[in-house]
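Peer 1: generate coordinates for the sequence data below:
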Amino acid sequence: MSARETQLKLEVKKVQQLYSKMQADQQALQKQLKEFKTQAGSFSDVVEQVLPSVVSIYVMDWDTEEEISSGSGFFVSPDIIVTNYHVVEDIADEDYFYEEDEIEQVLVETHDGKLRLAEVVFTGNAEEDLALLLISDFTFDPNTGEQVDSPQEYPPLELSLDVKVGDRVIAVGNPLGQFASTVTQGIVSAIREPEEYEEGDDEEDVAEVKVLQTDAAINPGNSGGPLINMAGQVVGVNTWGLEDADSINLAIASEALDDFLAGFEETLEDNSQN
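Peer 2: Numbering: from 1, shown residues only. Below is the predicted model:
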């Protein structure tokens, strides 16, 4: 990992701005959890259980040090994060597998208040809307802007392929400043199988993967984060809400994510043999 690490140094001012934003986000999240506990009882316990595995993702223009886009993600292994492809689409092509000389990096804010680099290592297509990131062993020093060796493993979340209409779920994501509501609850209201679409939809809009429809609000703050059941297991990856329809939000089913992870492992094996 260290051999592929970009020798990157952000300006101290920029790093300090990011850390200040992270502190404000954490305060907003703690306030929301306190309100959530009052309103939802045991739901907050499930959220607190999974939060150490959830991250915020910042896609940067490294020349200008400006933020291009942001979203959420979560660990599926101690060093691999899953997020939406649309979060990283400005820097990574569809159906992408990393190569040594074509590394694209993003900033990741972990739950322990660290700012780390992560490499985009695998993507699906726009309809599949999934991507994998490999997190680095380095954090940024807020006093110097330089990278500091800081190995750390984070707890991966367990996937559950057992989901039914009516199941209670929670959409979780790290707060992104202006978006106050990033932990929302609801139920699974429908399960859409691949190639299933409503009458009148265009063929080009046919879903290529299994998706869950939920009334748990999905916004830019929790897009890419996990949709979890009451056992704290991931049943879906939060993806988007329909702008013209109330309470219709979609998540990529864990079944599709499981297939995506298997595809990544197969690609790794194929490339190791070449």
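Peer 1: for the rest of this, base every contact and every neighbour count on C-alpha atoms.
Peer 2: Noted.
Peer 1: pull the number of nearby residues for Asn143.
Peer 2: Asn143 has 11 neighbouring residues, counting by other Cα atoms under 10 Å.
Peer 1: helix or strand for it, which one?
Peer 2: Secondary-structure element containing Asn143, defined by DSSP states H and E: none, the residue being outside all helices and strands.
Peer 1: for Val183, see how far away the residue nearest to it when sequence neighbours are not counted is.
Peer 2: Counting by Cα to Cα, 6 or more residues apart in numbering, the nearest residue to Asn143 once its immediate chain neighbours are dropped is Val12, at 6.4 Å. In this structure, Val12 and Val183 are 31 Å apart, going by Cα to Cα, to the nearest Å.
Peer 1: would you mind telling me which of those two has more residues around it?
Peer 2: Shown here are Val12 and Val183; by other Cα under 10 Å, Val183 has more neighbours (24 against 16).
Peer 1: please name the residues that touch the nearest residue to the more buried one once chain neighbours are set aside.
Peer 2: The shortest distance from Val183 to any non-neighbouring residue, by Cα to Cα, 6+ apart, is to Val172 (4.8 Å). With contact taken as Cα atoms under 8 Å, 6 or more residues apart in numbering, Val172 is in contact with Val47, Leu51, Val54, Thr182, Val183, Thr184, Asn222, Gly225, Pro226, Leu227, Ile228.
Peer 1: now rank these by neighbours and give me the top one.
Peer 2: Neighbour count (other Cα under 10 Å) singles out Pro226 as the most crowded of the contacts of Val172, with 35 neighbours.
Peer 1: gap between the two ends of stretch 104-119?
Peer 2: Start-to-end span of stretch 104-119 (Cα to Cα) is 6 Å.
Peer 1: what sits up against that stretch?
Peer 2: Around stretch 104-119, the neighbours that count as contacts under Cα under 8 Å, 6+ apart are 19, 22-23, 51-60, 91-92, 103, 120, 133-140.
Peer 1: lowest-confidence helix or strand of the chain?
Peer 2: The weakest-scoring helix or strand in the chain, judged by mean pLDDT, DSSP states H and E, is helix 12-40 (a mean of 71).
Peer 1: beyond that helix, next helix or strand please.
Peer 2: Counting by DSSP H and E, the element after helix 12-40 in chain order, helix or strand, is helix 43-50.
Peer 1: quick check: buried residues in that following helix?
Peer 2: Burial within helix 43-50, assessed by neighbour count using 16 or more other Cα atoms under 10 Å, is assigned to Phe43, Ser44, Val46, Val47, Val50.
Peer 1: which of those residues lies closest to Asp215?
Peer 2: Within those, proximity to Asp215 (Cα to Cα) peaks at Phe43, which comes in at 15.7 Å.
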